[in-house]
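Trainee: I need the structure of the sequence given here:
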Amino acid sequence: MGDDWKANLAAYFEETRIIQSSQRETLENFDQFCEFVAEPAFESLGEELEQFNIRSHIRRIKGRSIALQINFPGSRIDNFTYIILLPRNSLELKLRLLIKGRAGMRSALQSIEEPFLPELEQADVLKLEKSDLIQDLIEHLRSFNFSALTSPE
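Mentor: Residues are numbered from 1 along each chain as shown. Below you'll find the model as predicted:
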């Protein structure tokens, strides 16, 4: 057995270095995704929403999440928030989507978490077209609000 512990210790430090390197690379990729895909998509959608008297706000937590909050028409109260999350300590760009919304201005906030574009391969996240992201956001907005409008409660 002798010097095996030295090899085990060296392997441990090398494995730790690889994990930390992968985490840094994933954070960098997420920040690129936010800057070059998500923010421009959210800005374009926000400009279009203004034509319908709807305000929106982009919120970004570097290395953690990016969100578009959409208010009720003519109001400052948030109706719907689309949040793309990078799970903590991620080794790969496997993102999550958190949807928060209110059925009415006085309603409680509801939350749903799911995989972000599950059909999208991780390698293609940075290649995502902003129009595809906007389409996904609109589909979630439509689904949430139509469900709220037709709910018997």
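Trainee: now the strands for this protein?
Mentor: In the chain, the strands defined using DSSP state E lie at 56-61, 65-71, 78-85, 96-101, 110-115.
Trainee: Any figure for the gap between Cys34 and Arg106?
Mentor: Cys34 sits 32 Å away from Arg106, taking C-beta to C-beta, to the nearest Å as the criterion. All C-beta atoms are positioned from the backbone trio N, CA, C, and that covers glycine.
Trainee: Ok, Lys94 next?
Mentor: With distances taken as C-beta to C-beta, Lys94 is found 36 Å from Arg106.
Trainee: do Leu141 as well
Mentor: Leu141 sits at a distance of 20 Å from Arg106 (criterion: C-beta to C-beta).
Trainee: now do Asn53
Mentor: 20 Å.
Trainee: what's the longest helix in this structure?
Mentor: For the chain, the helix with the greatest residue count under DSSP state H is helix 4-33.
Trainee: Could you tell me the angle between that helix and strand 78-85?
Mentor: If you take axes from the mean of the first three to the mean of the last three C-alpha atoms, to 10 degrees, helix 4-33 sits at 140 degrees to strand 78-85.
Trainee: tell me the mean pLDDT for stretch 23-30?
Mentor: Stretch 23-30 shows an average pLDDT of 94 in the prediction.
Trainee: pLDDT below threshold where in the protein?
Mentor: Scanning the chain for pLDDT under 70 picks out 1-2, 152-153.
Trainee: ok, now with 90
Mentor: 1-3, 62-63, 74-77, 91, 103-109, 121-123, 145, 147-153 (pLDDT under 90).
Trainee: and the closest residue to Lys130 other than its chain neighbours, what is it in contact with?
Mentor: Excluding the flanking residues, the one nearest Lys130 by C-beta to C-beta, 6 or more residues apart in numbering is Ala41, at 3.7 Å. Residues counted as contacts of Ala41 (C-beta atoms under 8 Å, 6 or more residues apart in numbering) are Lys130, Ser131, Leu133, Ile134, Leu137.
Trainee: at 7 Å what do you get?
Mentor: Neighbouring residues of Ala41 by C-beta atoms under 7 Å, 6 or more residues apart in numbering: Lys130, Leu133, Ile134.
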